[in-house]
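*Asks:* The sequence and its predicted three-dimensional model are supplied below.
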Amino acid sequence: MPVPFETLIPYAIILAMFGVTGAGMSKVKNMNNAGKRTRRSLDQWDKQMMDRDRRLTGHLRGQTGNHLPPPGFELNNPWRTEPRIS
């Protein structure tokens with residue numbers, strides 16, 4: 001007994017929405033990483049270097065080949081200190 005095509009329309013819509021959502025998420029992640037692939041399994045060293053790159057270039061995935069730091073970078077310390085208790 002054949003299945004009427006009207007019963008398959010909701011499944012086609014659901015499948016299309018999964019595809020649109022996946023493509024949209026991929027595009028948003030790509031735009032968020034400046035056109036580069038998403039990084040996975042980041043350890044402490046990678047996070048530290050990404051934070052350094054963010055402080056140098058202003059973007060988390062940006063890198064620079066300039067051997068001199070920008071002005072003000074010497075005062076841009078990533079270590080957070082607690083205020084003194086008096």
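*Replies:* Received it, and whenever you're ready, just let me know what you need.
*Asks:* Can you give me the neighbour number for Arg55?
*Replies:* By other CB atoms under 10 Å, 15 other residues sit near Arg55. C-beta: built from backbone N, CA, C; applies to glycine.
*Asks:* doesn't Arg52 make contact with Pro69?
*Replies:* No. Checked against CB atoms under 8 Å, the pair Pro69 and Arg52 is beyond contact range at 10.2 Å.
*Asks:* Distance of Val20 relative to Asn66?
*Replies:* 41 Å (CB to CB, to the nearest Å).
*Asks:* Check which residues of the host helix or strand of Gly19 are buried.
*Replies:* Taking DSSP states H and E as the criterion, Gly19 maps to helix 9-32. For helix 9-32, a neighbour-count test (16 or more other CB atoms under 10 Å) marks nothing as buried.
*Asks:* out of everything not next to it in sequence, what's closest to Leu60?
*Replies:* The shortest distance from Leu60 to any non-neighbouring residue, by CB to CB, 6 or more residues apart in numbering, is to Arg54 (4.9 Å).
*Asks:* next one: phi and psi at that neighbour?
*Replies:* Main-chain dihedrals, Arg54, degrees, to the nearest 10: phi -60, psi -40.
*Asks:* burial measure for it, as a count.
*Replies:* For Arg54, the neighbour count with other CB under 10 Å is 14.
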